[in-house]
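J.: Sequence and predicted structure below; questions after.
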Amino acid sequence: MDNLLILLSGCFILLGIAGSFLPIIPGPITAWVGILILSFVPHISIDFILLILSFCIALAIFISDYFIPSLGAKKFGGGKGSVYGSSIGLIFGILFLGPFGLILGPFLGAFLGELIINKDNKKGALKAAFGAFLGFFVGVFIKLLTGLAFGFIYIRSLWNAKELLF
């Protein structure tokens, strides 16, 4: 049973790291679930305070991920069109362009979304698109760091209990 929990925990951690790039998977929350599952293994000691603190961090990052691209777009002069366009562009970019869609989708979506809303301001649309694009990558970077940190907790916890588990 312990090995099943360890394996399941590792799968959630890996899904959480993948969720840093895939918009369908809530990366930090998924990786945290991996840490939570690992805490149920009897020979592994994960502090309750660490669980609560890491959950609060994961939840804060999950919530802020919805605001970071819009803050980037607004910082560079964009509006709702660039924010919505960035999200839609990300989805269509992944569907039709694969990994390159992660890069091109938000940028083109934000640009087109801002042009649809504000047809006369092409230069402003380009700046807003860049801001949404930059905000998207800041969010991805923060989620990736969080997933990797949870992965480190996973590996460290297994390493500390290696004599008892294996």
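T.: Great, that's in hand. Residues are numbered from 1 along each chain as shown.
J.: only C-alpha atoms for contact and neighbour calcs from this point on.
T.: OK.
J.: List the contacts of the spatially most central residue of the chain.
T.: Computing the C-alpha centroid of the chain and ranking residues by Cα atoms, centre = their mean puts S20 first, at 3.3 Å. Contacts for S20 (Cα atoms under 8 Å, 6 or more residues apart in numbering) come out as P26, G27, P28, V140, F141, K143, L144, G147.
J.: what's the farthest-apart pair in these?
T.: Using Cα to Cα, the contacts of S20 span at most 13.8 Å, a distance reached by P26 and F141.
J.: Compare neighbour counts for these two and give me the winner.
T.: The neighbour comparison of P26 against F141 (other Cα atoms under 10 Å) goes to P26, with 23 against 14.
J.: Do you know the pLDDT at the more buried one?
T.: The score at P26 is 88. That number is its pLDDT.
J.: Report the residue spans of this protein with pLDDT below the cut-off.
T.: Low-confidence segments of the chain, defined by pLDDT under 70, are located at 165-166.
J.: per-domain residue ranges of this protein.
T.: Per automatic domain parsing, the domain ranges recorded for the chain read 2-64+142-165, 68-141.
J.: So which of those is the most surrounded?
T.: Mean neighbours per residue, mean count of other Cα atoms under 10 Å, is largest over those for domain 68-141, with a mean of 22.
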